[in-house]
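Engineer: Sequence plus the predicted model coming up.
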Amino acid sequence: MFKNFAKTLKNILPFTKIYTNYTNNTILYVEPKNLMICLHVLKQHQVYRFTIMSVISCIDYPEKLKRFELVYTMLSIDYPFVLNVSIAVSEFETVLSSSILFKSAVWLEREIWDMFGVYFKHNHDLRRILTDYGFPYHPLRKTFPLMGFTEIYYNFLHKKIYYTSLTVSQLKNVKKINSVWSNLKVL
């Protein structure tokens, strides 16, 4: 059944690669410029009917030029299919919002914007959802330090919230210690 599904997709959609794993999960790899075309066809076509966008997930690969991989997971009510549409974007690219087609995407894109910093163009409600509105960073990026950059505390006397910069001892200059272990080579 998957072979017929893949053949018909190849004739209709502009994707770069298709992949299926051992549990029959199908992943379409698409260029970011063709994302909205693919999502629209998969939702409106009478054969596929992927009418539910359940999840948009983001994966950070800081060593790659296009460091973020966005995976749109779509469900079909009429057929027992789960389809993943994947795109790769750099941190300076904008992605067209899929909230035009799927209303559930507004909240999912807000979360990705807040945690990873991927900007979604034409999302009408793109604001912070899990962090403070004045927070300038994106905490789920792999380059974000585990301790963070600032510490927030509430002063009961002044009844204000204060931000203080953190000084992490690991980032200070560490003196080189002559040790037997420093000369060992890892195999």
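Structural biologist: Yes, it's here.
Engineer: count of residues packed around Thr131?
Structural biologist: 13 (other Cβ atoms under 10 Å). All C-beta atoms are positioned from the backbone trio N, CA, C, and that covers glycine.
Engineer: secondary structure element for it?
Structural biologist: Under the assignment given by DSSP states H and E, Thr131 is not contained in any helix or strand.
Engineer: Now for it: which residues touch it?
Structural biologist: 114, 139 (Cβ atoms under 8 Å, 6 or more residues apart in numbering).
Engineer: Any figure for the gap between it and Tyr137?
Structural biologist: 8 Å (Cβ to Cβ, to the nearest Å).
Engineer: Same check on Trp113?
Structural biologist: 13 Å.
Engineer: cool, Ser76 as well?
Structural biologist: 38 Å.
Engineer: more neighbours, Trp113 and Tyr137?
Structural biologist: Using other Cβ under 10 Å as the criterion, Trp113 and Tyr137 rank with Trp113 on top: 20 against 13.
Engineer: Tell me the secondary structure of that one, please.
Structural biologist: Following DSSP: H, G, I helix; E, B strand; the rest coil, Trp113 is assigned to helix.
Engineer: State the pLDDT value of the closest residue to it other than its chain neighbours.
Structural biologist: In space, and not counting its chain neighbours, Trp113 is closest to Leu126: 5.4 Å by Cβ to Cβ, 6 or more residues apart in numbering. Per-residue confidence at Leu126 stands at 89 (pLDDT).
Engineer: what do you get for Lys175?
Structural biologist: Taking Lys175 on its own, its pLDDT is 47.
Engineer: again with Arg49
Structural biologist: Model confidence at Arg49 (pLDDT) stands at 87.
Engineer: Just give me the residue right at the centre of this structure.
Structural biologist: Centre of the chain computed as the mean C-alpha position; nearest residue by Cα atoms, centre = their mean is Cys58, 1.8 Å away.
Engineer: Could you pull up the contacting residues of it?
Structural biologist: Cys58 neighbours (Cβ under 8 Å, 6+ apart): 68-71, 112, 115-116, 118, 140.
Engineer: Look over the residues you listed and name the one with the lowest pLDDT score.
Structural biologist: Among the contacts of Cys58, Leu140 has the lowest pLDDT, at 90.
Engineer: Thanks again, I'm all set now.
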